[in-house]
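**Student:** Build me a structure from this.
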Amino acid sequence: VPWPEKSLGTWLKEQLPEGGLIGFDPWLHTVGQLETLRGELDGSGIEMRATANLIDRIWSDQPAPSMAIARIHPLEFAGESHGAKRARLAAELAAAGQNAAIITLPDSLCWLLNIRGSDIPRNPIAQGFAVLHQDGTVDLFMAEEKLVEVGDHLGAEVTCRAPESFLDFLGNLQGPVRIDKATVPVIVAEHLGDRAVWGSDPCALPKARKNDAEIAGAAAAHLRDGAAVVELLAWLDAQAPGSLTETQVVGKLETCRRQ
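**Tutor:** Prediction:
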């Protein structure tokens, strides 16, 4: 699809002018994305239907999920304990008459619990899911192997559960439960059914409002990285034109950042 010049809906209508049935992986599309696509396809005779991921069925050497160890994001950098964050957001849920909120964005999860990870290169997140309850407790769905360094930090009010139990847990969750159309996979909304209520990710706005410690940390990070880039540029000026590969330059930058 020549995106963004042409939307997926437009492309599908061109490929299926007589209509048809299109399967999609409900883990890989959000409720909002599916609503937009179905709106584009309205009247076309094309139906969208959730199905198992067909690529997974034939990808015999698919890499296993990352088991990178999660680490504590210290209070001196977070500026607020995860207990205070949980209590603050839980009070908002209670005021709205919502029993829980589903958190599916890894950066929201890591912000809420003051943890970081390395599941994705150069992106300090630990992948998982979480359910924040109106009493401030959290059910965290993340592989046990990843949590060996953060158990004491998370404490008794955060219950760690196996990722594969997430959907069954949703099936037993009492509503109303807040989910965000823009971020939640379709399969989550399907499992909640009429217990779901639409709302924003409860972490979205609070994590965007940086406190003094976070602002100071960002400034210090820019100073450190600025020094590394200056050192890299000085090194580049000393090299013969055309003597370097892109890989060598990236390697040098990583060395400068570690110093």
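**Student:** what's the distance between the residue nearest to residue 19 when sequence neighbours are not counted and residue 208?
**Tutor:** Of all residues not flanking residue 19 in the chain, residue 45 sits nearest, at 2.3 Å (CB to CB, 6 or more residues apart in numbering). Placement of C-beta: from N, CA and C, glycine included. Applying CB to CB, to the nearest Å, the value for residue 45 to residue 208 is 42 Å.
**Student:** So which of these two has more stuff around it?
**Tutor:** residue 45 (12 against 8; other CB atoms under 10 Å).
**Student:** for the chain, which helix is longest?
**Tutor:** Looking across the chain with DSSP state H, the single longest helix is helix 212-237.
**Student:** neighbouring contacts of the very next helix or strand once past that helix?
**Tutor:** For helix 212-237, the succeeding helix or strand toward the C-terminus, using DSSP states H and E, is helix 246-258. Counting contacts by CB atoms under 8 Å, 6 or more residues apart in numbering, the residues outside helix 246-258 that touch it are 224-225, 228-229, 231-232, 235-236.
**Student:** Number of residues surrounding residue 1?
**Tutor:** Counted with other CB under 10 Å, residues neighbouring residue 1 total 13.
**Student:** isn't it right next to residue 11, touching?
**Tutor:** Yes. Residue 1 lies in contact with residue 11 (CB atoms under 8 Å); the separation is 4.6 Å.
**Student:** quick one: residue 185 and residue 34, what's the gap?
**Tutor:** 10 Å.
**Student:** returning to that earlier point: buried residues, the longest helix of the chain. List them.
**Tutor:** 214, 217, 228, 231-232 (16 or more other CB atoms under 10 Å).
**Student:** From the contact counts, what lies against that helix?
**Tutor:** Contacts defined by 3 or more CB pairs under 8 Å, 6 or more residues apart in numbering; DSSP states H and E place helix 212-237 against helix 75-78, helix 246-258.
**Student:** Off-centre distance for the first one?
**Tutor:** Mean C-alpha position of helix 75-78 versus that of the full chain (CA atoms, centre = their mean, to the nearest Å) differs by 21 Å.
**Student:** Please pull up the helix or strand immediately following it.
**Tutor:** Using DSSP H and E, the helix or strand that follows helix 75-78 in sequence is helix 82-95.
**Student:** Can you name the next helix or strand after that next one?
**Tutor:** strand 100-103.
**Student:** tell me what that next one is packed against?
**Tutor:** If you count contacts as 3+ CB pairs under 8 Å, 6+ apart, strand 100-103 packs onto helix 82-95, strand 129-133, strand 177-179.
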